[in-house]
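J.: what shape does this take:
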Amino acid sequence: MNFSATTLVLGLAGLALTACDAPGTATGGDNAAATGRDTAEAHSAEVFFNTTSFGMASPSGHAFSSETGQLLISSDETGVFNAFALDPESGTREALTTSTGNAVFAVSWFPADGRALVTMDGGGDELNHVYVRELDGTLTDLTPGDNVKADFAGWTADGTGFWVTSNERDPAAFDLYAYDAGSYERELVFENTDALQPTAISPDGRWLALDRPRTSADSDILLVDLASEDKAPQLITGHEGNIAYSTYTFTPDSEALVYATNEHGEWNQAWRYEIETGEQSPLIEADWDVMYVAYSNSGRYRVSAINADGFTEVTVLDQDTGGELLLPSSVPAGDLASVRFSPSERQIAFLVTSSTAPANVHWVDLNSGEHRQLTEALNPELDPEELVEAEIVRFESFDGLTIPGIMYRPHEASADNPVPALVMVHGGPGGQSRAGYSAMVQHLVDHGYAVYAANNRGSSGYGKTFFHMDDRRHGEEDLQDIVAAGEYLRAQDWVQDDAVGVIGGSYGGYITAAALAFHPEAFDAGINIFGVTNWVRTLESIPPWWEAFREALYDEMGDPATDAERHRAISPLFHADNIVKPLLVVQGANDPRVLQVESDEIVEAVRANGVPVEYIVFEDEGHGFLKRENRIEASNAYVDFLDTHLRGEAGIDAAPSE
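T.: Next up is the predicted model:
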């Protein structure tokens with residue numbers, strides 16, 4: 001489960017960014033006639049998914065090597081994520097890890113030498129361990145043990161040590177350990193007996209910030225003085241009523257905590273808390289949520305971002321001059337992400353992405369203004385002109401509420417050439433569909449399917465009132481918004497009105513199954529990716545490391561001890577006899593959030609109706625896709641399923657799959 005501020009996300013993080021397609025034969029014939037488009041011209045899934053994903057080292061770590069100036073990045077260019085050293089001068093990449101199984105993600109260079117910290121779990125089980133990639137290439141597990149989940153938490157100011165959080169003492173609580181960078185000996189710094197969420201450590205190592213997400217609307221921040229004898233957490237956000245607080249970071253001088261709050265309006269704004277005096281003051285105010293605030297090591301540069309209608313707007317403020325740092329005009333248009341500074345702060349690296357361009361690593365010399373794009377993520381077989389731009393589209397739902405969303409419309413779609421369409425539902429509860437490059441979406445669109453990523457009520461990013469509209473009402477109005485999105489698509493003259501489906505991952509998979517079960521005629525087919533179908537079981541079997549968010553989750557969804565009747569009422573499994581439209585279910589065998597038994601049971605129940613059901617289980621995945629070959633296979637399956645069961649009349653008489 002992913003959490004951003006007070007947003008609970010049982011979501012398949014980045015469904016639109018991570019699902020994929022395998023090589024397959026494009027179809028023509030009757031299917032092409034149904035849309036007036038020769039789908040034989042469409043690219044295979046391999047073409048889309050042979051783009052390369054790049055990610056930067058942790059914002060709490062060192063992205064630039066102090067020895068070589070190389071950047072520490074993650075890349076799936078081999079088909080599985082591994083850590084690489086990227087040379088800003090030449091653009092060449094050196095593989096630091098060579099895993100062919102578990103995904104490995106870059107965390108940080110060591111400040112004084114060429115060692116690196118990396119992290120990986122076991123086949124998607126989310127039990128991440130922290131490793132040192134030694135100079136000889138071997139990996140040393142710093143957090144060994146079964147059922148241990150650990151995370152890097154930052155470096156000491158002098159670079160001689162670092163912090164790691166681990167739940168080895170208590171599966172429900174993350175304690176803080178200090179590690180020696182040379183010997184790897186460690187010391188327990190803070191025992192987290194209240195299962196709070198560690199969020200930031202001050203640069204001087206004295207202060208630990210902890211978040212307490214009591215409910216989805218009400219949360220607090222506590223501070224621990226790690227130099228004190230008792231190290232008792234002290235509440236710094238005492239308040240009445242429902243107000244959400246969460247930690248961004250500490251200021252570089254360790255004098256203030258920068259935090260998010262919606263106390264003063266609809267949006268999460270950035271405020272400062274002066275540790276010595278307790279004084280609070282606004283730092284960044286905007287008409288959208290402030291997504292994050294970060295600083296360069298010296299504090300000269302402040303990096304912040306706002307979530308502007310599904311797009312990310314980043315500002316780099318030069319606090320010495322008071323002006324915004326302007327990038328060279330050669331930097332392509334798009335959303336900036338993962339801004340990292342070199343130790344001297346004379347260079348920066350960052351990612352740029354857009355709906356028609358995957359994230360690429362860029363480097364800029366701040367003194368000379370020299371700019372280099374260091375990677376080329378897009379498969380050269382793809383012409384960017386063939387891809388479609390994301391467009392913000394709003395519609396009026398069943399009760400008059402305006403629902404925002406992101407439309408991906410095939411180039412060939414017109415009143416004379418209507419195309420089949422999909423409503424795509426994000427993860428959650430409380431996630432958001434955002435603009436950005438999605439190989440899965442672009443593959444679907446290339447095969448003639450319009451995709452509308454609807455942000456139903458309860459989605460984050462549109463103010464706290466909108467966000468809380470579905471609290472303890474999931475499967476009700478939020479589901480009706482998705483049904484209304486399908487009706488909106490059918491009303492467009494460029495959409496084939498008898499071929500509108502629904503697709504979603506995790507919570508979006510739940511909404512997909514719920515739409516088929518509770519509104520049997522609303523959609524013509526559905527694709528459920530790792531979706532919850534039995535809320536009774538899911539809420540009773542949440543992983544122990546979600547303990548800090550248990551109350552918030554139950555506030556959002558209801559407590560299984562008292563709300564089991566409602567959970568049963570909204571669970572598609574118990575109403576599967578209503579499902580009459582074709583269904584594709586995709587599941588990871590190692591998923592700790594949505595257990596495989598959920599998908600097994602819904603598949604069996606719908607097949608008993610004599611309805612076409614297809615089922616794919618990935619034995620080496622968890623709650624999402626980390627391996628390219630699996631993304632390819634999944635996305636291939638989506639297109640094949642839709643070509644059979646959604647496009648035109650092809651699937652009406654199809655027999656159930658075995």
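
J.: now do residue 521: how many residues are near it, please.
T.: Residue 521 is flanked by 9 other residues according to other CB atoms under 10 Å. Where you see a C-beta, it was placed from the backbone N, CA and C, and this is true even at glycine.

J.: could I get the phi/psi values of it?
T.: phi -100, psi 0 (degrees, to the nearest 10).

J.: next: residue 553.
T.: The phi/psi pair for residue 553 (degrees, to the nearest 10) is phi -60, psi -40.

J.: in this structure, which spans are helices?
T.: 15-18, 29-35, 45-49, 439-446, 464-467, 477-490, 507-518, 535-540, 550-557, 560-570, 596-607, 628-645 (DSSP state H).

J.: how about the ones you listed in a markdown table, adding mean pLDDT and mean neighbour count?
T.: Output for those, formatted as a markdown table (pLDDT from 0 to 100; neighbours: other CB atoms under 10 Å):
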| stretch | mean pLDDT | mean neighbour count |
| --- | --- | --- |
| helix 15-18 | 32 | 24 |
| helix 29-35 | 36 | 17 |
| helix 45-49 | 93 | 26 |
| helix 439-446 | 97 | 27 |
| helix 464-467 | 96 | 18 |
| helix 477-490 | 98 | 22 |
| helix 507-518 | 97 | 30 |
| helix 535-540 | 85 | 19 |
| helix 550-557 | 78 | 21 |
| helix 560-570 | 89 | 15 |
| helix 596-607 | 95 | 21 |
| helix 628-645 | 95 | 23 |
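
J.: those helices: which one's closest to residue 190?
T.: helix 550-557 (20.5 Å; CB to CB).

J.: just checking, what packs against that closest one?
T.: strand 7-9, helix 535-540, helix 560-570 (3 or more CB pairs under 8 Å, 6 or more residues apart in numbering; DSSP states H and E).

J.: contacts for the second one, please.
T.: When contacts are taken as CB atoms under 8 Å, 6 or more residues apart in numbering, the neighbours of helix 535-540 outside the stretch itself are 510, 532, 553-554, 557-560, 564, 567-568, 570-571, 593-595, 597-598.

J.: run the last query once more with 7 Å
T.: Helix 535-540 is contacted from outside by 532, 557, 560, 564, 567-568, 570-571, 594, 598, using CB atoms under 7 Å, 6 or more residues apart in numbering.

J.: among these, which two are most distant?
T.: 564 and 594 (18.1 Å).

J.: number of nearby residues for the nearest residue to residue 243 once chain neighbours are set aside?
T.: Among residues not flanking residue 243 along the chain, residue 263 sits closest, at 4.6 Å (CB to CB, 6 or more residues apart in numbering). Residue 263 has 16 neighbouring residues, counting by other CB under 10 Å.

J.: one more: the one 3 residues further on?
T.: Using other CB under 10 Å, residue 266 has 15 neighbouring residues.

J.: need the contact list for it.
T.: Each residue near residue 266 by CB under 7 Å, 6+ apart is listed here: 463-465.

J.: do the same with residue 358
T.: With contacts defined as CB under 7 Å, 6+ apart, the neighbours of residue 358 are 51, 53, 377-378, 437.

J.: quick check: it vs residue 335, distance?
T.: 12 Å (CB to CB, to the nearest Å).

J.: what's the answer for residue 272, then?
T.: Taken as CB to CB, the span from residue 272 to residue 335 is 26 Å.

J.: same question, residue 244
T.: Residue 244 sits 25 Å away from residue 335, going by CB to CB.

J.: cool, residue 342 as well?
T.: 22 Å.

J.: ok, now residue 605?
T.: Going from residue 605 to residue 335 by CB to CB gives 41 Å.

J.: would you agree residue 342 is in contact with residue 64?
T.: Yes - contact between residue 342 and residue 64 holds when scored by CB atoms under 7 Å: they sit 4.3 Å apart.

J.: who has more neighbours, residue 244 and residue 335?
T.: Neighbour totals were compared for residue 244 and residue 335, and residue 244 leads with 25 against 21 (other CB under 10 Å).

J.: I figured residue 505 hits residue 532, correct?
T.: No - Residue 505 is beyond contact range of residue 532, at 10.7 Å (criterion: CB under 7 Å).

J.: which residues do those two both contact?
T.: If you check residue 505 and residue 532 against CB under 7 Å, 6+ apart, no residue is contacted by both.

J.: burial check on residue 289, number of neighbours?
T.: Neighbours around residue 289, by other CB under 10 Å: 26.

J.: residue 81 versus that one, what's the distance?
T.: 28 Å.

J.: with residue 512 instead?
T.: 27 Å.

J.: isn't residue 462 up against residue 404?
T.: Yes - counting by CB under 7 Å, residue 462 touches residue 404, with 6.4 Å between them.

J.: between the two, who's got more neighbours?
T.: Neighbours were tallied for residue 462 and for residue 404 using other CB under 10 Å; the higher tally belongs to residue 462 (23 against 20).

J.: point out where this protein drops to low pLDDT.
T.: Residue ranges of the chain with pLDDT under 70: 1-40, 545, 548, 648-658.

J.: which of the contacts of residue 266 sits closest to residue 641?
T.: residue 463 (36.3 Å).

J.: for that closest one, which non-adjacent residue is spatially closest?
T.: Of all residues not flanking residue 463 in the chain, residue 266 sits nearest, at 3.5 Å (CB to CB, 6+ apart).

J.: ok, the one you found to residue 464 distance?
T.: 6 Å.

J.: ok, residue 481 next?
T.: Using CB to CB, one gets 18 Å for the distance from residue 481 to residue 464.

J.: ok, now residue 488?
T.: Applying CB to CB, the value for residue 488 to residue 464 is 25 Å.

J.: the nearest residue to residue 59 once chain neighbours are set aside pairs with what?
T.: Counting by CB to CB, 6+ apart, the nearest residue to residue 59 once its immediate chain neighbours are dropped is residue 294, at 5.8 Å. Counting by DSSP bridges, residue 294 forms beta bridges with residue 303.
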